[in-house]
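>>> Need a 3D model of the sequence below.
(2 chains)
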Amino acid sequence: MSTFLQQLMNGLSLGSIYALIALGYTMVYGVLRLINFAHGDVYMVGAYVGYYLSRKLQGKEPSLTAAFLVMVGAMLACAVLGTIIERLAYRPVRRASRLTLLITAIGVSLFLENAGQLVFGPDPKFFPSLAPRTDFRVAGVRITSEQLTVIGVSFLLMILLRFFIQKTRTGKAMRAVSFNLDAAKLMGISTDRIIAITFALGSALAAAGGVLIGMQIPKIDPLMGIIYGLKAFVAAVLGGIGNVPGAVLGGLLIGTSEVMVVGYLSSTYRDAIAFGILILVLLLRPQGILGRVQKEKV
Amino acid sequence: MKGLAVAILVVAVLFVLNGLFVGSLVPGVSISPYILQVICLAGINIILAVSLNLINGFTGQFSIGHAGFMAIGAYASAFLTVTYGERIRAGLGFLPPFARDGALLLAGLAVGGLLAAIAGFFVGVPSLRLRGDYLAIVTLGFGEIIRVWILNIDAVGGARGFSGIPKLANFFWIYLFAATSIVIVSRTVRSSFGRTLIAIREDEIAAEAMGVDTTRSKVISFVLSSAMAGVGGGLFGHYLMYVHTNSFTFIKSIEIIIMIVIGGLGSITGSVVGAVLYIGLTEGLREFAQYRMVLFSLLLIVIMIVRPGGLLGQREIASLLRRSRRMDAPTHPVIRA
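You can find the predicted model right below:
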């Protein structure tokens, strides 16, 4: 039983990172109907910004202030990056065919991966520890302070996002754009601005995920965005793509099932499990757990 | 009969060229092994690009895991020729040696293509039932999974790579299959089945309303494309005599996409031009290898913004030639007295 609880704990902390990344996929899909392939790589850039910031702040004792600064810095940097990507690459082709948009997204993803290898170097880097760490023991389950931070920060960010989308005017506009872009435009909503904000928010969340993964698995490399991005996308599809609570649920489910499979079966299946779940979802419930079936109209 | 004559002519030309290139036909006449290798790899890339264009360009369904199917074909065919090669050769003892090699290669490619087709079926059915970009993400995942899976099979060398593959493929075989794949794809897209594919690309809902079984058409197109990628992979392995999973990463799939995007999605001529151009650029920019992919990714974005149709759009060489001929000819029939 305690092993199971331990695995559950590990799964939740991995899953909350997937959830953070999945939110970006699902939000962008909501407003643009685009699988933003570059999202996983924005997450990678976030991890690297966090790495360089924490190197700058090193020398002092690991402190919560430093950790906070690193997190906010990475989120800001990626929000800017996301906006730039949207402005330079996606906006010019937004009115073109879906395939054009998708190829552009793949191009951006490829650019970030290769530019990342040039700028950051192709070798993995080790993330310095940010906050003082202690272990807690609850009912035979070892909980590290990193895990608590990861889960705590992720949930805080998700609650903030929820608040933003449901209670603010901009959030309302975002929901309107997601519901129907053209109608929202006719109602006087500046859709360009809303789309830019969506990209900024999604990228900031991905950056937070990047810093958190750096704290938990202290190894980052320029190609890490591919596999994390893929899993987070599966999480978004599992929860129902375009659905914000669905992305969180999907992320937690994917993280937990991955940890369980590794723990009870074999680590060879680590990357295969998300793929298997994706195939099952597409076969059994393509709209996802919380998604609604949308009739396609001409 | 005309088709047969053309086929015989192509085979003869390839045979003569092959002899000239390796220097077995005219003593003293040959090209450098490096150039020959580049030409052969370009041929394999033509097969891959043309086959990917069938699903991406003509059917409008985005697959980004072509290297995965290539890997299946490469490993399956190599496994066959390495493990059962001697027995098959012995069984074909009545044939002259070169025919025995050819038959063995064909057997390997058939197995590789068939397995790739089966994999394509299982990947395609769940993802192509749905409208939208699910194929892209499923094929991306599939490409990675298949690579990791092969990496863990010890019978095909695992992380050491699969070596000791007999050199059965050469210029002749590679370009024979390149020509075959061009014929298959161009005949397919001009058939009534091909019309359904183009209809799906243009408007899936309208195609369905016109009675097209869209899932069936998409899956057939994808399976055909995967099978041809498998054959391309088989030729790749039997040409280089060594395969490693590093040759079939996500980057390889992206390279093939770049080729067809440069040439023009939905143009077979474009795929051929794109494949040759890509190989040429890659070899030309060898000194700047580390900047290469950065450049190509920027190129991909810029093409999409500036000229989303690629170099040729959806035009073919035949239509280009026809147009220039039409310009010379009078535009209305001349009535002679």
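
>>> going forward, measure contacts between C-alpha atoms and count neighbours the same way
Will do.

>>> what sits against residue 117?
No chain in the question, so chain A it is. Residue A:117 makes contacts with residue A:222, as judged by Cα atoms under 8 Å, 6 or more residues apart in numbering or on different chains.

>>> The chain in question should be chain B.
Residue B:117 sits in contact with B:223, B:224, B:225, B:226, B:227, B:230, where contact means Cα under 8 Å, 6+ apart.

>>> Among these, which one lies nearest to residue B:151?
residue B:230 (17.6 Å; Cα to Cα).

>>> thought that closest one was touching residue B:74?
Yes - contact between residue B:230 and residue B:74 holds when scored by Cα atoms under 8 Å: they sit 6.6 Å apart.

>>> Can you check which residues contact both of those two?
residue B:112.

>>> got the residue ranges for the strands in the chain?
Let's take chain A. A:125-126, A:135-138, A:141-144, A:219-220 (DSSP state E).

>>> oops, chain B please
Defined through DSSP E, the strands belonging to chain B, from first to last, are B:162-163, B:242-243.

>>> So between residue B:230 and residue B:74, which is more surrounded?
Set side by side, residue B:230 and residue B:74 show more neighbours around residue B:230, with 36 against 33, by other Cα atoms under 10 Å in any protein chain shown.

>>> right, so the strands of chain A: which one is the most enclosed?
Greatest average neighbour count among those goes to strand A:219-220 (a mean of 19), per mean count of other Cα atoms under 10 Å in any protein chain shown.

>>> Against which helices or strands is that one packed?
Helices and strands in packing contact with strand A:219-220 are listed as helix A:39-56, strand A:125-126; criterion 3 or more Cα pairs under 8 Å, 6 or more residues apart in numbering or on different chains; DSSP states H and E.

>>> Show me what from chain A comes close to chain B.
On the criterion Cα under 8 Å from any Cα of the partner chain, chain B has as its neighbours in chain A the residues A:35, A:89, A:92-93, A:99-101, A:103-104, A:107-108, A:110-111, A:114-115, A:118, A:230, A:271-272, A:275, A:278-279, A:282-283, A:286, A:298.

>>> What number of residues are in the vicinity of the nearest residue to residue B:264 once chain neighbours are set aside?
When the adjacent residues along the chain are set aside, residue B:264 lies closest to residue B:310, with 4.0 Å between them (Cα to Cα, 6 or more residues apart in numbering or on different chains). Applying the criterion other Cα under 10 Å, we find 23 residues in the vicinity of residue B:310.

>>> Then residue B:247?
If you count neighbours by other Cα under 10 Å, residue B:247 ends up with 14.

>>> swap in the one 10 residues further on?
Here the number of neighbours of residue B:257 (other Cα under 10 Å) works out to 29.

>>> That one reaches residue B:49, doesn't it?
Yes - applying Cα under 8 Å as the test, residue B:257 and residue B:49 come out as touching, 7.5 Å apart.

>>> Could you list the low-pLDDT ranges of chain B?
Within chain B, the segments meeting pLDDT under 70 span B:1, B:323-337.

>>> tell me which parts of it are close to chain A?
Taking Cα under 8 Å from any Cα, the part of chain B that reaches chain A is made up of B:60, B:62, B:126-127, B:130, B:133, B:137-138, B:141-142, B:145, B:205, B:290-291, B:293-294, B:297-298, B:300-301, B:304-305, B:308.

>>> Please pick the buried ones from those residues.
Buried positions within the residues of chain B next to chain A, assessed by neighbour count (16 or more other Cα atoms under 10 Å in any protein chain shown), are B:60, B:62, B:126-127, B:133, B:137-138, B:141-142, B:145, B:205, B:293-294, B:297-298, B:300-301, B:304-305, B:308.

>>> Name the nearest residue to residue B:215, ignoring sequence neighbours.
Using Cα to Cα, 6+ apart, the closest residue to residue B:215 is residue B:129 (5.4 Å).

>>> what's the neighbour count on the one you found?
Using other Cα under 10 Å as the criterion, the residues surrounding residue B:129 number 18.

>>> One more: residue A:99?
The number of residues packed near residue A:99 is 20, by other Cα under 10 Å.

>>> Also residue B:283?
13.

>>> what's the distance between it and chain A?
In this structure, residue B:283 lies at 19 Å from chain A, with Cα to the nearest Cα, to the nearest Å as the measure.

>>> all helices for the chain, in order.
Reading this off chain A. Along chain A, the stretches classed as helices by DSSP state H are A:2-32, A:39-56, A:64-85, A:98-120, A:145-167, A:169-179, A:181-186, A:191-216, A:224-239, A:244-264, A:272-284.

>>> other chain: chain B
In chain B, the helices defined using DSSP H lie at B:2-22, B:33-53, B:66-83, B:85-91, B:97-128, B:134-151, B:171-190, B:192-202, B:204-209, B:214-240, B:250-263, B:268-284, B:289-306, B:317-328.

>>> residues in contact with the helix or strand of chain A with the lowest mean pLDDT?
Taking mean pLDDT, DSSP states H and E as the measure, strand A:135-138 is the helix or strand of chain A with the lowest mean score, a mean of 78. Outside of strand A:135-138, the residues that reach it under the criterion Cα under 8 Å, 6+ apart are A:142, A:143, A:144, A:145.

>>> now do 10 Å
A:2, A:6, A:141, A:142, A:143, A:144, A:145, A:146, A:147, A:148 (Cα atoms under 10 Å, 6 or more residues apart in numbering or on different chains).

>>> confidence score at the last one?
With respect to pLDDT, residue A:148 scores 86.

>>> Can you list the low-confidence ranges for chain A?
In chain A the weaker segments, taking pLDDT under 70 as the threshold, are A:59-62, A:131-132, A:294-298.

>>> if you set the cut-off to 80 instead, what comes out?
Judged by pLDDT under 80, chain A has its weakly predicted residues at A:1-2, A:57-64, A:129-142, A:218, A:266-269, A:271, A:291-298.

>>> of all the contacts of strand A:135-138, which two lie farthest apart?
That would be A:2 and A:146, which, of the contacts of strand A:135-138, are the farthest apart (Cα to Cα) at 19.6 Å.

>>> Please identify which of those two sits among more neighbours.
More neighbours surround residue A:146 than the other of residue A:2 and residue A:146, with 22 against 12 (other Cα under 10 Å).

>>> Pretty sure the more buried one sits against residue A:154.
No - using Cα atoms under 10 Å, residue A:146 and residue A:154 do not qualify as a contacting pair, with a distance of 11.9 Å.

>>> list residues touching both of these two?
The overlap between the contact sets of residue A:146 and residue A:154 (Cα under 10 Å, 6+ apart) consists of A:13, A:212.

>>> Would you agree residue B:142 is in contact with residue B:123?
Yes - between residue B:142 and residue B:123 there is a contact at 7.6 Å, judged by Cα under 10 Å.

>>> Export the strands of chain B as CSV, with columns for mean neighbour count.
As requested, the strands of chain B are exported to CSV (neighbours: other Cα atoms under 10 Å in any protein chain shown):
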stretch, mean neighbour count
strand B:162-163, 19
strand B:242-243, 22
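
>>> The spatially closest residue to residue B:40 that is not a sequence neighbour and residue B:15: what is the separation?
Leaving out its chain neighbours, the residue that sits closest to residue B:40 by Cα to Cα, 6+ apart is residue B:171, at 5.6 Å. Relative to residue B:15, residue B:171 is positioned 9 Å away (criterion: Cα to Cα, to the nearest Å).

>>> Residue B:275 now?
Counting by Cα to Cα, the gap between residue B:275 and residue B:15 amounts to 22 Å.

>>> Between these two, which is the more surrounded one?
With neighbours defined as other Cα under 10 Å, residue B:275 and residue B:15 compare such that residue B:275 has more, 30 against 18.
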